[in-house]
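J.: Got a sequence here, can you build the structure:
(3 chains)
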Amino acid sequence: MGAFLHQVASGLALGGVYAIMALALVMIYQATQLINFAQGEMAMFSTYFAWKLMDLGEPYWFAFFATVIASFIGGIVIERLIVRPFAKAPVLASVIVFIGLSLIFNSLAGWLYGYSVTSFDSPFTGRPWFGAGYMSAHEAGAVLVTLCVLALVYAFFRFTPLGLAMRAAAQNPESSRLVGIRVGWMLAIGWGLAAAIGSVAGMMAAPIVYLDPNMMGGVLLYAFAGAVLGGIDSPFGAVFGGVAVGVLGNLIGAYVVGDEVKLSVALAIIIAVLVWRPSGLFGRRLVARV
Amino acid sequence: MAILEAKGLEAWYGPVRAVHGVDFEVENGGVTALLGANGAGKTTILRALSGLIRRSGEIRFRGHSMSGLATEDIARLGVAHVPDGRGTFVDLTVEENLRLGAYVRADRQGVRADFDRMFALFPRLAERRRQQAGTLSGGEQQMLAIARALLMRPALLMLDEPSFGLAPLVVAEIFRALAEINRDEGVSLLLVEQNASLALDLAGRAVLIETGRVALAGPSQTIRADDAVRRAYLGY
Amino acid sequence: MADADGALNALVAIAVGIIALAFPFVASGYHLYQGAQVLIFAVALLGLNLLTGFNGQISLGHGAFFAIGGYGTAILMVKFGAPYWAAIPLASVLCFIAGFLFGFPALRFGGLYLALATFALAVATPQILSYKGFDAFTGGSQGLTLAKPQPPSGLGLTADQWLYLVCLACAAALYWAARNLVNGRIGRALVAIRDQPIAAETMGVDAPLYKTTCFGVSALYAGVAGGLSAIAVGFVSPESFGLPLSLAFLVGVVVGGLASLGGALFGALFIEFVPNIADQLTVSFGEGAKALPGAIYGVLLILVMAAMPTGVAGAARALASFLRNEG
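T.: Below you'll find the model as predicted:
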């Protein structure tokens, strides 16, 4: 029983990371109908930024918040410079551009920081405040951080005027323009937010999966699985899906197929959802395209 | 002085030109009607004025040129456009729809006062404040769209077929409200309507559009009295 | 004009053919091996191009079918003693089936979902290949070693030369097949599905069947390439079949030219030699140069999409017609 709970608990911690990444993916999808394949590499690059700051002597939380802010700005810049020119291009072109972006970030990180695996400190050490015996301090901390991020994002979109304007711009760009909303900037801010929360996911994942330029490939795949499972156009679904994939992945890995093939569990989830319930658990009904 | 002047206005949907050099004015403080049959180009003209489609020609709003301006900037100048199909944010609540109308405004007191006025003007909206806009009836959505536009405190309100698909009683209620808005708040109105009789009752001036060109323009009385108009658009 | 165009194309084709045939007799050792690799990549890119360029679908996971071809060939040869000329076709058929079955659910909802599903496939493949449960067949994380095919006696060719010529023959045959496909009714159907799917369906083109079959065929091409690569390299191991391979294929197709069969050769040359040059640069510039191929690929993908949606082959054709008009 103890081992089972341990798997569930650490699955929840990982699931929180996946949920945040999935949320970032859904945010961009809702606004642009595109899946940002570069989300993982952007998060990885942000995490290296944090690592560098700490390497230079800065305390953890300074590095954390500086990274979040820098990622926010970076996301805006990327949207304005690289994503916007392809706004009217076919989907295929945007996917290729995102892949190009992910390759650039991956190489940049490799060039700047090398390819060897590094450790990344967690600010949470010692005994965890809850779940002691079943999860490490970092895992407990990661769950808390995840909850904070989700609460903040929810509050932002639900209660602030800017959040409302962003929701409007995503749902109905034309009507938004008619009331004076600068839809282009709403998209840019959306990218900034996605990059910012992605960086949090990276910083929470790094102590668990260790820091190297390829660390986020697997995490991104789990996030995809979570988003597809929950419904790519449902923020709640994305969060639910991310957590579910985290827990399921751990359980199936521990008790069914072994830890080394957890990635195929994600692949299996994606295929299974596409076969049986394509719109995901909470998404809008998907229509089969010709 | 006209609040809006268009000279040689042309508009395209992609490579197809739909409006072929239109001249007209919107009376400052008055109601101007844009009449014509289905497909004549009335909606196209409104969309061109709002910058939603490619356009060329001279457009002056309160003396300032609007050519080359983006839709959101035109809106911020004081032009509120209620599009055909209402343009409601169907997944947001009534309250959120209205708040979006006031998005660009900084005067919170004024916004609160305007909210009260809108609810007084359209009591049904007050009842359904927290309801999802998509669940409202056609008439209520039309009221919501107008209220949202008015919350922008526009100088010019452009409406595209506000009577479309609505029951006569509801239409009467809406047009009463429009008359009140024009009279009491001095908001100029540019009204696109297929229902010519209804529009001519409200408007002081009218412009008749046929296949993307101006066929006739002048005071409502004159237009109403014109035989050709009578037969083609008023049905008698 | 059309005649001049056709004549130019024929001239280029003949020149390429002559160079390709003469190559194994003037080059040797590593260069010969590289030549074979270029042909192998060209086959894979041909397949991916049929899918992406002509049918407008995106796959980020063709490395997985390359892996199925490679591992399939290796397992058939090592565990079942099959000769290479039987193992490769068998493995390719397996790839076609795998591609068809995978494509079926993944294609139904548009390009993005296919991209997502194939991305997942690419990321998960190395793990699946090194799975302990399949150790008996796959050799686990160590992989499998294969014997190099021997040339038939009496021809006076070395093993390397024979290998190159086998690759050349496969590439030429598959190119010919692809050309016929593209220029025929099926090709037109594929393009119609890419450009106007609803109209195509109305005309009686069974779009889902065509799309799934096209995916299967492109997987088959990748499988042939994988099989040839297995016997050329002499071993297969999980690490060589990860996401970077699939992305390299994508780069090859984009740079070489979407919807251009000739561009497959450009693309193959590109993805064979860029990492090579970068490796040589590490000698002068240190470890950091390892990052160069990725950076070049990334920047090029974006630039090509922005400037030349039809890739290098399209630009070459544009240049050729420009020169013709000026001259």
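J.: Return the distance of stretch C:192-206 from the chain's centre.
T.: Offset of stretch C:192-206 from its chain centre (Cα atoms, centre = their mean, to the nearest Å): 27 Å.
J.: Remind me what the longest helix seen in chain A packs against, helices and strands.
T.: Criterion DSSP state H: the longest helix present in chain A is helix A:2-32. When contacts are defined as 3 or more Cβ pairs under 8 Å, 6 or more residues apart in numbering or on different chains; DSSP states H and E, helix A:2-32 packs onto helix A:39-55, helix A:137-159, helix A:161-171, helix A:183-209, helix A:216-230, helix A:235-252. The way it works is simple: take the backbone N, C-alpha and C, and place the C-beta from them, glycine included.
J.: Nearest spatial neighbour of the residue nearest the centre of chain C, chain-adjacent residues omitted?
T.: Closest residue to the average C-alpha location of chain C: C:A44 at 1.3 Å, with Cα atoms, centre = their mean. What sits nearest to C:A44 in space, not counting adjacent residues and going by Cβ to Cβ, 6 or more residues apart in numbering or on different chains, is C:A225, at 3.8 Å.
J.: what about the one you found, neighbour count?
T.: 35 (other Cβ atoms under 10 Å in any protein chain shown).
J.: same deal with A:M54?
T.: 16.
J.: got it, and B:E185?
T.: Neighbourhood size, B:E185 [other Cβ under 10 Å]: 12.
J.: Repeat that for A:L193.
T.: 24.
J.: Could you report the distance from it to A:V219?
T.: 19 Å (Cβ to Cβ, to the nearest Å).
J.: Repeat that for C:S59.
T.: Distance, C:S59 to A:V219, using Cβ to Cβ: 22 Å.
J.: One more: A:M203?
T.: The gap separating A:M203 from A:V219 is 12 Å, by Cβ to Cβ.
J.: Let me see the backbone angles for B:A80.
T.: phi -110, psi 130 (degrees, to the nearest 10).
J.: top helix in chain B by residue count?
T.: helix B:168-185.
J.: Can I get that helix in PDB, CA atoms only?
T.: Presented in PDB, the C-alpha positions along helix B:168-185 are these (Å, rounded to 0.1, in the frame of the first residue of the first chain):
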ATOM      1  CA  PRO B 168     -42.200  42.800 -34.500                       C
ATOM      2  CA  LEU B 169     -42.700  43.600 -30.900                       C
ATOM      3  CA  VAL B 170     -39.100  43.100 -30.100                       C
ATOM      4  CA  VAL B 171     -38.100  45.200 -33.100                       C
ATOM      5  CA  ALA B 172     -40.400  48.000 -32.000                       C
ATOM      6  CA  GLU B 173     -38.800  47.900 -28.500                       C
ATOM      7  CA  ILE B 174     -35.300  48.100 -30.000                       C
ATOM      8  CA  PHE B 175     -36.100  50.900 -32.400                       C
ATOM      9  CA  ARG B 176     -37.700  52.800 -29.500                       C
ATOM     10  CA  ALA B 177     -34.500  52.500 -27.600                       C
ATOM     11  CA  LEU B 178     -32.400  53.600 -30.700                       C
ATOM     12  CA  ALA B 179     -34.600  56.700 -31.000                       C
ATOM     13  CA  GLU B 180     -34.100  57.500 -27.300                       C
ATOM     14  CA  ILE B 181     -30.300  57.000 -27.600                       C
ATOM     15  CA  ASN B 182     -30.100  59.300 -30.600                       C
ATOM     16  CA  ARG B 183     -32.400  61.900 -29.000                       C
ATOM     17  CA  ASP B 184     -31.100  62.000 -25.400                       C
ATOM     18  CA  GLU B 185     -27.400  61.200 -25.800                       C
END
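J.: Excluding chain neighbours, what is closest to A:A70?
T.: A:F49 is the one closest to A:A70 (Cβ to Cβ, 6+ apart), at 6.2 Å.
J.: give me the number of residues near the one you found?
T.: Count around A:F49 with other Cβ under 10 Å applied: 21.
J.: Fine, thanks again, bye for now.
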